[in-house]
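1. how would this look folded up:
(chains A and B)
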Amino acid sequence: MKKAIALSMAAAMAAVSLAACGGGSTAATTAAPAATEAATEAATEAAATEAAAETEAPAAEAGDFTFDKTVNVYITHGAGGDTDYMARMLSQALEEKLGVSVVCSNVTGSNGATCMQQYKDGDTDGYTYICSNTAALNGNEATGMVDFGYDAFEPVAIYGIQSGENIVVPADSPYETLDDLIEASKANPGTIKLGISTGGGVYIQACVMTNLGGAQFNIIDSGDAATRLTALLGGEVDATSLPYSTVADYIENGQLKSLCTMLSQPPTLLPDQKSASETIPELVIDTEYVMLAPKGTDPAAVKAMNDAILEVTSTDDWKQKCNDYSFQDPFVLNLDETIENLKSQRELFTSFKEFL
Amino acid sequence: MLLEGLMAVLQPFTIILIAIGTVVGIIFGSIPGLTATMAIVMFLPATYSMSASQGISMLMALYIGGISGGLISAILLNIPGTPSSVATCFDGKPMADKGEAGKALGTGVVFSFFGTLIGIAVLIVLTPVLCDFALKFQAYEYCALAVFSLSMVIALTGRDMPKGLVSAVLGALLATVGLAPIDSKPRFTFDLFQLNNGFALLVLLIGLFAISEVMAYAEGVRKDQSFTVDNNAKIKGAGFSLKEGIAQIPNCIISALIGVGIGILPGIGGGVSCMISYTVSKNISKHPQLYGTGIMDGVVASESANNGTIGGAMIPLLALGIPGDACTAMLLGGLQVHNVAPGPLIYEKSGAVVYAIFFAMVIAAIFMMLFMLLGMRFFVSVLKVPKNYLLPVVLVLCAIGAIGNANMLFDTYCMVGFGLMSYLMIKSKIPTVPMILGFILGPTFETNLRRVSQLASSDKFWSHPIFCVLMIATILVVIFSTRANLKEAKRAEAEEANS
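-> Numbers count the residues shown, from 1 in each chain, chains lettered A, B, ... in the order given. Model (predicted):
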């Protein structure tokens, strides 16, 4: 009897310890070894091209901060999505560079607002970071989901750009450009059904098209990307906006066609796409991946982290990952550029606020 | 391409990954509070650095193991390990109480296996046809489907119908907490940002089933009782005879197909499929009165259905790139990071990976059955552990699961709160299971009703045949179930009067 109890207790303890790492630590550490190989390879290459001395230099400048314990990264969106993937790729590379563990945890919900709310006043010792995307950061403020913007944090770095969202219609629809679509909606107000998800980036797009482009769509809520795709394929809506990665194969297959991208510049590897801003100048959603630190974090730590990010993203390996995953070249900004970029994006989003 | 897929899976390393995935999945599934979804969340980032076939094989093994493992705690502890095994408790626990724990486990395991295989078979053979069907389900159809599924509460609760409806409505009301669908207006959040996302199904499930089970046990703890449990530890083979098994085949096929059907429709999931197939199985059975007393039929219905859902959920995921539940949403991510884009071109572009997925699923199903049948003797010995040692451990695991779900301590408070609520419900004889149905289907109904109201100006309901059929079916279910319930009540009254 005692043996059975001991046995079950042991099993339970094992399960506890297993689950205790459920936050992602096991995941991050198990993923590390394989990535390590790739990173080392790339790092040696980078070291060869850029002078070895230069790699040392920024560390010496920021010198007042050395990472000597586990860094916690909180990801605002769920595992499997692009925000998660980019954050984990970055964390793997940083782990190699900083020489300490970088543990990723997903704290999801409300388009990232839950996580940001929870950690904006987190530990300021330089070991807590939040990885999100700029559309969520600025969009949630513009739509009133949260009452704080990027300045409630210490921005660390913008470290990538998404493949963008595209306005898509069925391939047999008569529209070829965003102009066609908007003109058609003006000609027959309320007949073209545009699928959106209220409150998100697509909602902002729809509001801009209505208020600044004069479009007169019948705006229908069709939920998240998956249900918007269903609605478009099933004919419930006539047009919607979807991530390019979701619809790429449908476009190639001849079932759907893309009218334009929401990015200000088409992705590097997809130069033929038109930008929505050609039709409506304000219609720009540049979703970039951003790392933030809680307000009041040691500036030396923020600088040291930004330096580390700039370094680990300058490798060919990183370029390959960005090319493969988001059809983009690496897009990484230093501290000043990051703040400048967030500021201008926020101004744009704030200008939409009146009609959101 | 078929061969290429087979070769990719038949690598020793991949096989090991599938075996590990299955075992870890079963452990996650069997521990209340840890679910298949969590297992996948935890291992998904680890697959980023594997090859596409290896990564997705492991994730499929976790998925199949996780959905199947839930039956262990459902049968032995009366606490469903995952939402998908809620209905397994109905007959599994009474079987265990009768000393047939081994038989119940064996039945659950073997029919989980057949359920998975039926799901995979449908996935391989009928994907193109069923894709078109899945695309026909839009706002109108989902709305009607939610109403139809909710009408099952009447059949599920039998004579306790009014209390069952109370429970379902309470569940639907609980689901309104958080940001409203469509317009994202906060409802009942009391300015707590932790409530913006509403309550997690997992947290509610733990509260309803685990906490209340512990409290119910605590009631009797001062009473004199012996800890010896007669569990007929001699288990031969799968615990049931071949003849008994064969008799369940029609039940298994019907239930698995219901599971597949619900799996195909994004957003409904295994939790609903096991309850609906249990209800259907009960209603078409020749001996409905025996359901709930501990018969194989109930376990077979629930377990074939929830495993059938796996194959069903893979259909829209692979062929349309549309995930059906939290698990498949993560599988989608797991495929995309390997540049495998689920959608209309997946067979042309990544055919080898698709076939690798099919083979991995079959291998994982076989491993699942082997490991669970081998482990059965050990699982049953859990019953020998005095519950005053066992249940506190279970409670701690539940709390860890609740925190791990979204990395929020707040969820454990909710869990305890739901536990107290559940205890009061049990005391007032309100069944807790309809609450789960209400909780899952309430938001589906609300969201789609609101979408329908936006569509209704240009799109009328009579152009939606599936909607009309489902609504008529709902009316019929309500009429016939109510009549059957009344008859049963009368008969019971007469019996009471006679005695």
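2. all strands for the chain, in order.
-> The chain I'm using is chain A. With DSSP state E as the criterion, chain A has strands at A:71-75, A:102-106, A:128-133, A:153-161, A:165-170, A:193-196, A:218-221, A:239-243, A:256-261, A:288-294.
3. that's the wrong chain, I wanted chain B
-> Under DSSP E, chain B gives strands at B:178-179, B:186-187.
4. Mean neighbour count, those: which tops it?
-> Ranked by mean neighbour count under mean count of other CB atoms under 10 Å in any protein chain shown, the strands of chain B are led by strand B:178-179, which reaches a mean of 21. C-beta coordinates here come from the backbone N, C-alpha and C atoms, glycine included.
5. Which other helices and strands does it contact?
-> In this structure, strand B:178-179 makes packing contacts with strand B:186-187, judged by 3 or more CB pairs under 8 Å, 6 or more residues apart in numbering or on different chains; DSSP states H and E.
6. Within its sheet, name the partner strands of the strand it packs on and how each one runs.
-> Taking DSSP bridges as the criterion, strand B:186-187 forms sheet pairs with strand B:178-179 (antiparallel).
7. So what touches the strand it pairs with?
-> Residues from elsewhere that reach strand B:178-179 (CB atoms under 8 Å, 6 or more residues apart in numbering or on different chains): A:110, A:145, A:199, B:185-189, B:195-199.
8. Return the distance of the residue of the stretch 51-200 of chain A found nearest chain B relative to residue A:261.
-> For the stretch 51-200 of chain A and chain B, the shortest gap (CB to the nearest CB) falls at residue A:80, measuring 1.8 Å. According to CB to CB, to the nearest Å, residue A:80 stands 23 Å off from residue A:261.
9. Could you list the low-confidence segments of chain A?
-> For chain A, residues meeting the criterion pLDDT under 70 lie at A:1-63.
10. and if we set it to 50?
-> By pLDDT under 50, the weakly predicted segments of chain A are A:1-62.
11. per the record, what domains does it have?
-> Annotated domains of chain A cover A:68-162+A:287-355, A:165-278 [automatic domain parsing].
12. circling back to that earlier point, can you list the strands of chain B in JSON lines and add mean pLDDT?
-> Below are the strands of chain B laid out as JSON lines (pLDDT from 0 to 100):
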{"stretch": "strand B:178-179", "mean pLDDT": "84"}
{"stretch": "strand B:186-187", "mean pLDDT": "86"}
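13. residue contacts, the residue nearest to residue A:236 when sequence neighbours are not counted?
-> In space, and not counting its chain neighbours, residue A:236 is closest to residue B:138: 4.4 Å by CB to CB, 6 or more residues apart in numbering or on different chains. Residue B:138 makes contact with A:230-231, A:234, A:236, B:464, according to CB under 8 Å, 6+ apart.
14. what about the residue of the stretch 251-356 of chain A at minimum distance from chain B, distance to residue A:168?
-> Nearest residue of the stretch 251-356 of chain A to chain B: residue A:253, at 4.6 Å (CB to the nearest CB). Note on residue A:253: its distance to residue A:168, by CB to CB, is 12 Å.
15. higher neighbour count, these two?
-> Comparing residue A:253 with residue A:168 by other CB atoms under 10 Å in any protein chain shown, the one with more neighbours is residue A:168, at 26 against 14.
16. The more buried one contacts residue A:247, doesn't it?
-> Yes - look at residue A:168 against residue A:247 with CB atoms under 8 Å: they come within range, at 5.3 Å.
17. Alright, that wraps it up for me.
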